[in-house]
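Enquirer: A structural model of the following input is requested.
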Amino acid sequence: MRTYFSEFSTFVWIRAAGNGLTSLVGGMLIPFLSLNIYKETGGSVLSSAMIVVLQPLTDIVLTLLAGGIGDKYSRKKVILAALLIQMTAMGGLAVSQLTWMFAVFTILNGLGRFLYFPAANAQIVDSVPENKRAEVFGLLGMAKSAGGLFGPIVGVALFNISPVLVFFLSALSFGVYAVLIRFKTEDTYSLEEQPILKASGAAVRMWAVLFLMAASLPVSMLHSVMETTWIFHLKDHFEDYLKVFAYLETLSAILFILIEVYTARKTEHILPVKIIPIAYFLYALGAFILGLSANLFLLSLAQLLLCLGAILVSTHLQKLVSILSAPEHRSKGFAVYGLHWDISRAAGPLVGGVIYSAFGGTVLFYVLGCFLIGGGAVQTWLGGRYRKREEKLPAA
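Expert: Below is the predicted model of the structure:
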């Protein structure tokens, strides 16, 4: 175990701990953020929905306007600023009582997320060799799953005592994480030390990342639908649908914890262009099985397939983004690629709700399965084409 810990830098382990901590916080907040806003705004469902959507919309706008901020300044300072902004946002949400206050602090939280993830992922890539990146992204994913597993449980306990406690504990968590980053990590990036890639080469790489982002939309759209519309589909097929939903969500989290790092480590040597088609096939097959939603065994199998697909897609596509993005554009590359999550979080509930209302859940998941097949084909083509082109570019 000690040997394994020594394989990666201090930042990797702090980032893993931070991922678990922020995921725990997110797991506490997600079920109750809307409820608390709903309560404080006088029972307005529309106001609650509009405020919650502000965060992904903020991420999208800021990425388009300033996606490369983590490449222009010290990555460590950008990460610190992001964590302090999120800490302030959580503290603000704890004391907010008016609709405009909830809107302001939700946008502020979106600003913090926008700054944090691209810079943090870029710093991971700065400090981890290419042949270890998939495993490290798997390690981060495992920590996120562990936090997400216990977050709702802790959140329910705290929310029953006082909703404000959830937000204050979230603010404290971001503060602790910021202290660890400040005193226990070193910066890994200096713009002055990087070789500058020709504009044509940089444009080719960024277009490649943009196309990878677009082809990832079916994946994030499926996740968005599963976070919102899926429970209604389960309700159509199971009388005790809440227990079924809780069981499947718990099973998914446990599977991620148990197999994510192992799977990423064992597939590390396989080129992304070869592993991505398999991942999308697993995703599509899982979506088709979810469309049935009448058999608990098949639903459990679908969770396993989706878990494997998610691990392979997340670890290897992030690795591919790290390869395609030159050092001086890594933060921008991750910011652009991450747009597909924000787009799906903003549009997924609406699109999924419209299809579900018109045609039912079975058609919804069959449509998503077909889109996943198409997305996998596009990712395979893009991965092969731009990997070859990347090899012709000057070394970064």
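Enquirer: Return the list of helices and strands in contact with whichever strand or helix holds Phe102.
Expert: Element membership for Phe102, per DSSP states H and E: helix 99-127. In this structure, helix 99-127 packs against helix 10-40, helix 45-66, helix 69-72, helix 75-95, helix 133-161, helix 296-324, helix 330-337, with contacts taken as 3 or more CB pairs under 8 Å, 6 or more residues apart in numbering; DSSP states H and E. All C-beta atoms are positioned from the backbone trio N, CA, C, and that covers glycine.
Enquirer: quick one, that helix and helix 296-324 angle?
Expert: Counting by axes from the mean of the first three to the mean of the last three CA atoms, to 10 degrees, helix 99-127 points 70 degrees away from the direction of helix 296-324.
Enquirer: Helix 99-127 versus helix 75-95: what angle between them?
Expert: Angle of helix 99-127 versus helix 75-95, following the same axes, to 10 degrees, is 160 degrees.
Enquirer: So for helix 99-127, mean pLDDT?
Expert: Here helix 99-127 scores 82 as its mean pLDDT.
Enquirer: Give me the distance from that helix to the chain's centre.
Expert: Centre-to-centre, helix 99-127 and its host chain are 12 Å apart (CA atoms, centre = their mean, to the nearest Å).
Enquirer: Show me what counts as buried in that helix.
Expert: For helix 99-127, burial by neighbour count (16 or more other CB atoms under 10 Å) applies to 99, 102-127.
Enquirer: Worst mean pLDDT among the helices and strands packed on helix 99-127?
Expert: helix 45-66 (a mean of 65).
Enquirer: okay but Val209 is in contact with Leu324, surely?
Expert: Yes - with contact defined as CB atoms under 8 Å, Val209 reaches Leu324; the gap is 5.6 Å.
Enquirer: Quickly list what's touching both of these two.
Expert: Gly333 (CB atoms under 8 Å, 6 or more residues apart in numbering).
Enquirer: Between those two, which has more neighbouring residues?
Expert: For the pair Val209 and Leu324, the greater number of neighbours falls to Leu324 (26 against 23), based on other CB atoms under 10 Å.
Enquirer: So the more buried one is in contact with Lys332, correct?
Expert: No - counting by CB under 8 Å, Leu324 stays clear of Lys332, with 11.4 Å between them.
Enquirer: Helices of the stretch 251-396 of the chain, residue ranges please.
Expert: Assigned by DSSP state H, counting those that start in this stretch, the helices in the stretch 251-396 of the chain fall at 272-292, 296-324, 330-337, 339-359, 361-392.
Enquirer: Deepest-packed of these, please.
Expert: Per residue and on average, the most neighbours among these fall to helix 330-337, with a mean of 27 (mean count of other CB atoms under 10 Å).
Enquirer: what sits up against that one?
Expert: Residues contacting helix 330-337 (CB under 8 Å, 6+ apart): 63, 67-71, 75, 78, 114, 117-119, 121-122, 125-126, 205-206, 209-210, 212-213, 216, 317-318, 321-322, 324-325.
Enquirer: Tell me what angle that helix forms with helix 99-127.
Expert: In terms of direction (the same axes, to 10 degrees), helix 330-337 departs from helix 99-127 by 130 degrees.
Enquirer: returning to that earlier point: distance to Phe168 for the helices of the stretch 251-396 of the chain - can I get that in TSV?
Expert: Below are these laid out as TSV (distance: least, CB to CB, whole Å):
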stretch	distance to Phe168
helix 272-292	37
helix 296-324	31
helix 330-337	29
helix 339-359	25
helix 361-392	38
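Enquirer: between those, which gets nearest to Ile181?
Expert: Minimum separation from Ile181 across these (CB to CB) falls at helix 330-337, 15.6 Å.
Enquirer: For that closest one, output the C-alpha coordinates as CSV.
Expert: The C-alpha trace of helix 330-337 is given here as CSV (Å, rounded to 0.1, in the frame of the first residue of the first chain):
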residue,chain,number,x,y,z
ARG,A,330,-4.6,22.2,-20.9
SER,A,331,-7.0,24.2,-18.7
LYS,A,332,-8.9,25.5,-21.7
GLY,A,333,-9.0,22.0,-23.1
PHE,A,334,-10.6,20.5,-20.0
ALA,A,335,-12.9,23.5,-19.8
VAL,A,336,-14.2,23.1,-23.3
TYR,A,337,-14.5,19.3,-22.9
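Enquirer: Tell me where the stretch 151-300 of the chain is predicted with low confidence.
Expert: Scanning the stretch 151-300 of the chain for pLDDT under 70 picks out 156, 159, 188-204.
Enquirer: show me what contacts Asn377?
Expert: Let me fix one detail, which is that residue 377 is Ala and not Asn. Residues counted as contacts of Ala377 (CB under 8 Å, 6+ apart) are Pro277, Tyr280.
Enquirer: Now do it against Gly27, distance only.
Expert: From Ala377 over to Gly27 the distance is 34 Å, taken as CB to CB, to the nearest Å.
Enquirer: related to what we said a few turns ago, can you redo the helices and strands packed on helix 99-127 as JSON lines with distance to Thr263?
Expert: Below are the helices and strands packed on helix 99-127 laid out as JSON lines (distance: least, CB to CB, whole Å):
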{"stretch": "helix 10-40", "distance to Thr263": "16"}
{"stretch": "helix 45-66", "distance to Thr263": "28"}
{"stretch": "helix 69-72", "distance to Thr263": "28"}
{"stretch": "helix 75-95", "distance to Thr263": "27"}
{"stretch": "helix 133-161", "distance to Thr263": "7"}
{"stretch": "helix 296-324", "distance to Thr263": "5"}
{"stretch": "helix 330-337", "distance to Thr263": "21"}
